[in-house]
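1. Give me a 3D structure for the following:
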Amino acid sequence: MQSRKLLIELTSNKNFFDFDVSALTFDSRTVKEGSVFFALQGNKKDGQNYIAEAKDKGAKLILSEQKIEDASVIQVKNLRQYIGELASRFYGHPTKDLETVCVTGTNGKTSCVESLAQLAHYSGTNCGYLSTIGVSLDGINVVKDSELTTPDSIFLQKTFSEILNSGSKLAALEASSHGLAQKRLSGTVVKTAILTSFSHDHLDYHETIEKYENAKLSLFRDLKPEISIIQIDNPIGSKIYSELKDLGKTVYSVSNKKEADFRYSFIRTDDHKLDIELFSIYGQHSFTINTLSSALASNIICSLAALMQNAPNLKKLIEGVKNLKLPKGRMELIKLNKENYCCIDYAHTPEALECALRELKASFDGKLYCVFGCGGERDRLKRPLMGSIVEKYCDKGILTNDNPRSENENVIFKEILSGVKDPANFIQIKDREEAILYGLDSTHKNSSKNILLVAGKGHETYQEIKNKKLNFNDKEVIFKYLRGSDAG
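-> Modelled structure (predicted):
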């Protein structure tokens with residue numbers, strides 16, 4: 001990329017710069033002649049330790065949130081927010097020309113974003129997206145895998161620019177609580193904001209449920225979307241809907257349980273799909289969704305609600321639902337034999353796990369088994385909740401490693417089991433592959449009907465153990481088992 005002229009106004013310091021900038025970066029390894037380097041304090045590394053390296057590589061300007069005894073480094077308060085605004089300017093304010101949809105929620109962000117992009121395509125408009133799984137410029141082809149649910153503000157604005165230049169008119173992205181709290185969406189013009197759900201998660205970072213709630217709600221309060229779509233079947237959803245309504249904002253409600261602007265009901269079919277009846281401000285519509293999950297159905301209806309606002313062809317939009325390909329590892333069913341099924345789901349929060357188990361209980365007869373664990377170095381308060389939920393719904397819990405990272409797995413298991421009444425209902429198998437194989441044997445080789453949920457990792461193709469990412473894929477383990485069974 002060629003250098004471009006960039007006006008940098010540091011009004012708090014009464015400093016103004018107007019010069020050619022080659023790149024914006026947080027990473028000293030990517031600094032080149034003419035770069036602006038941001039020396040930020042991260043979770044693991046401090047950018048201040050890399051200032052000398054940035055200088056040696058030709059950084060033209062270095063900004064830091066902390067005061068540093070170095071005349072060449074300029075302190076900028078609220079630097080994280082300013083980076084987003086500067087990055088937007090550097091890439092030509094791409095979201096001024098894109099209709100940008102931001103989706104937040106404890107669960108459901110990925111399925112909402114990816115279904116929205118697909119539905120937009122079916123109705124005649126390309127929509128690029130950034131999801132937990134991948135990045136797409138046109139909503140159909142994934143050009144790169146994702147490392148963060150909401151990437152840093154420089155990458156974000158660069159990707160918006162690429163989406164716009166690809167010819168897409170819409171962009172959809174997941175807005176995580178971390179991303180919102182760290183102002184990564186600063187500089188983004190938000191057309192539509194969606195709340196899919198809210199429940200316990202990420203208290204290792206946010207410390208209290210109130211701080212977590214405020215991080216989520218900042219999408220609606222601080223980024224000031226033109227339109228908001230709120231799932232109101234949870235208390236926080238109802239709260240923000242009422243708040244926005246009282247402020248005279250344009251806001252629409254989605255519900256399966258109460259009167260709403262987009263109210264829906266569903267019937268489960270024999271082939272594990274959902275027949276949906278949607279009553280909306282745009283009329284009544286019937287369609288079938290290729291999932292047994294009512295939570296996924298809710299996320300799809302949120303995406304429909306966002307697109308219906310300016311749909312060039314409402315009929316094509318609704319017809320597109322039957323063609324939706326749901327994200328990998330989201331209530332993904334695999335038939336083991338005539339009677340038994342296995343389901344892979346990303347469920348790693350109490351709400352998502354309970355929802356997945358409840359859906360399976362409602363859709364299948366027979367015994368229910370669950371392979372699950374909890375991530376190391378993450379929210380410890382949810383661990384006993386996860387154990388309690390598995391005990392409530394399952395005939396057998398198979399406790400194993402998720403991403404233990406550098407935390408002692410025995411501590412994780414102990415904290416999960418502290419939430420159960422009878423530990424005898426659980427078997428502990430530390431090796432995740434062995435745990436899945438045990439669950440498959442228990443399900444597949446049983447003469448009665450059974451269903452196995454493999455929860456926690458979904459689409460992920462790795463395990464984080466002792467600070468190393470090791471190749472691991474739940475789905476590959478299951479298919480390898482089935483190939484062996486067929487051969488046998």
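
2. the bottom helix or strand of this structure by mean pLDDT?
-> Here the helix or strand of the chain ranked lowest by mean pLDDT, DSSP states H and E is helix 203-206, holding a mean of 64.

3. where's the residue of the chain positioned farthest from its centre relative to residue 62, distance?
-> Note on the chain: the largest C-alpha distance from the chain mean falls to residue 71, namely 40.9 Å (C-alpha atoms, centre = their mean). Distance of residue 71 to residue 62, given as C-beta to C-beta, to the nearest Å: 11 Å. Using the backbone N, CA and C atoms, a C-beta is placed for each residue, glycine as well.

4. do the same with residue 36
-> Distance from residue 36 to residue 62, by C-beta to C-beta: 8 Å.

5. and if you look at residue 102?
-> From residue 102 to residue 62 the distance is 31 Å (C-beta to C-beta).

6. Got the domain ranges for this structure?
-> Per automatic domain parsing, the structural domains of the chain span 4-77, 94-323, 332-487.

7. lowest-confidence stretch among those domains?
-> Mean pLDDT values for these show the minimum at domain 4-77, a mean of 82.

8. before we move on, the earlier item: what are the phi and psi values at the residue farthest from the centre of the chain?
-> When quoted as degrees, to the nearest 10, the phi and psi of residue 71 stand at phi -60, psi -20.

9. Looking at residue 36 and residue 62, which has the bigger crowd around it?
-> residue 36 (25 against 22; other C-beta atoms under 10 Å).

10. Are we agreed that that one is in a helix?
-> No: assignment of residue 36 by DSSP: H, G, I helix; E, B strand; the rest coil gives strand, placing it outside any helix.

11. Could you give the separation of stretch 251-258 from the chain centroid?
-> With C-alpha atoms, centre = their mean, to the nearest Å as the basis, stretch 251-258 stands 21 Å off its chain's centre.

12. okay, it in PDB with CA atoms only?
-> C-alpha atoms of stretch 251-258 as PDB (Å, rounded to 0.1, in the frame of the first residue of the first chain):
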ATOM      1  CA  VAL A 251     -35.900   0.300  17.700                       C
ATOM      2  CA  TYR A 252     -37.600  -3.000  16.900                       C
ATOM      3  CA  SER A 253     -38.200  -6.000  19.200                       C
ATOM      4  CA  VAL A 254     -37.900  -9.700  18.400                       C
ATOM      5  CA  SER A 255     -39.500 -12.400  20.600                       C
ATOM      6  CA  ASN A 256     -40.800 -16.000  20.700                       C
ATOM      7  CA  LYS A 257     -42.600 -15.400  24.000                       C
ATOM      8  CA  LYS A 258     -44.300 -12.000  23.900                       C
END
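
13. Buried residues in that stretch, which are they?
-> Using 16 or more other C-beta atoms under 10 Å as the test for burial, stretch 251-258 gives 251, 252, 253, 254, 255, 256.
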